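> this one's structure only:
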């Protein structure tokens, strides 16, 4: 049966922009309270290497979000020809700067740069992207220091739209270290910082080598598409009434599109995130959340050392 033959179900939009505004307003209040209690202004330092236009847009958006939330931001620009050693020197100086609480190395880095070496150099306490092996390990044990920004954005929007994943079947398409693996861990965990409703799911992690992918997605109550292929998931791959979370950001001749064919999927799904305006704004908000939490960590450590 094709999508056109089904009874059309108009999906409700999971509005990431409006949700992000709400979260950023909440963070702003918490930043004000933190500073009023004697804490420093949380500060996020971004390291931007090269002239990639998309990266410049992303960093600019993050700086604007910081300003709205009352968080200070720094931008450290390096030439595209900069060596791994030069970038490491910048990261190391930020590690040692007590006024900097969060460090963001904007990806992708130029091909000649050892990205893994640079990301591993970031102080785990300042690793607000949660990419450092220490923070990944803590997440895998169910005791995260920081939640990875995009996966955290996903569980935030599920929580705020009261979409209960407990006991549900979630299919994650894509096994990246940034989205696929961590969201699978978060949704299948026993406990969640947002409450039991956004965890305790049965999660199937699929990828490009999964045979008969449609057989999995057609069983799913929730589909998280993070495979990096434009319009890859269509309505025929979905169970009627499924919740669809589109994490993809693909630049095509027609403009920006996600990993989900929105036109067909929205006729089958009950809820769906758009691209743009879905998970992207929430990723930025969670970066601010982690920066505030990093400032709290430093304040607690400083107070402990004074005792």
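Received the coordinates, thanks. Since we're looking at a predicted model, the values are computed, not measured.

> Report whether residue 251 is found in a strand, as I expect.
Yes: using DSSP: H, G, I helix; E, B strand; the rest coil, the assignment for residue 251 is a strand.

> Run a quick neighbour tally on it.
Using other C-beta atoms under 10 Å, the number of residues around residue 251 comes to 11. To be clear about C-beta, it is placed using only N, CA and C from the backbone, and glycine gets the same treatment.

> How confident was the prediction at residue 6?
You'll see residue 6 listed with a pLDDT of 46.

> cool, residue 251 as well?
Note on residue 251: pLDDT of 88.

> check contacts around it.
Residue 251 sits next to residue 54 when contact means C-beta atoms under 8 Å, 6 or more residues apart in numbering.

> Equivalent analysis for residue 99, please.
Counting by C-beta under 8 Å, 6+ apart, residue 99 touches 40, 43.

> Kindly report the same for residue 232.
Contact partners of residue 232, counting by C-beta under 8 Å, 6+ apart, are 173, 225, 248, 259, 260, 261.

> Confirm that residue 224 sits in a strand.
Yes: counting by three-state DSSP, residue 224 falls inside a strand.

> correct me, but it touches residue 245?
Yes: here residue 224 reaches residue 245: they are 4.6 Å apart, a contact under C-beta atoms under 8 Å.

> list residues touching both of these two?
By C-beta under 8 Å, 6+ apart, the residues touching both residue 224 and residue 245 are residue 154.

> out of these two, which sits in the more crowded spot?
Using other C-beta under 10 Å, the more surrounded residue of residue 224 and residue 245 is residue 224, with 31 against 28.

> Packing partners of the helix or strand containing residue 282?
Element membership for residue 282 (DSSP states H and E) is helix 279-306. In terms of contacts (3 or more C-beta pairs under 8 Å, 6 or more residues apart in numbering; DSSP states H and E), helix 279-306 is packed against helix 16-36, strand 43-49, helix 53-69, strand 102-105, helix 149-160.

> tell me which residues of that helix are tucked away?
Under the neighbour-count criterion of 16 or more other C-beta atoms under 10 Å, helix 279-306 has 279-295, 298-299 buried.

> Stretch 114-128 too?
Here stretch 114-128 shows 115, 118, 119, 120, 121, 122, 123, 124, 125, 126, 127, 128 as buried, counting by 16+ other C-beta under 10 Å.

> Over to stretch 81-90?
By neighbour count with 16+ other C-beta under 10 Å, stretch 81-90 contains the buried residues 82, 84, 87, 88, 90.

> Excluding covalently adjacent residues, which one is nearest to the second one?
The spatial neighbour of residue 84 that comes closest, neighbours along the chain excluded (C-beta to C-beta, 6 or more residues apart in numbering), is residue 114 at 4.5 Å.

> Checking my notes, residue 77 in a strand, right?
Yes: under three-state DSSP, residue 77 falls within a strand.

> got the contact list for it?
So residue 77 contacts 48, 49 (C-beta under 8 Å, 6+ apart).

> Pretty sure residue 205 sits in a strand.
Yes: assessed with three-state DSSP, residue 205 lies in a strand.

> what about it, how many neighbours?
Residues near residue 205, counting by other C-beta under 10 Å, number 19.

> surely it meets residue 172?
Yes: between residue 205 and residue 172 there is a contact at 5.1 Å, judged by C-beta under 8 Å.

> intersection of neighbour lists for those two?
Common contacts of residue 205 and residue 172, defined by C-beta under 8 Å, 6+ apart, comprise 180, 184.

> about what we covered before: need the contacts of residue 232 in TSV (columns: pLDDT).
Output for the contacts of residue 232, formatted as TSV (pLDDT from 0 to 100):
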residue	pLDDT
173	98
225	98
248	95
259	97
260	98
261	97
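
> Need these in TSV (columns: distance to residue 148 and neighbour count).
Below are the contacts of residue 232 laid out as TSV (distance: C-beta to C-beta, whole Å; neighbours: other C-beta atoms under 10 Å):
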residue	distance to residue 148	neighbour count
173	17	29
225	17	28
248	17	24
259	18	25
260	21	32
261	26	19
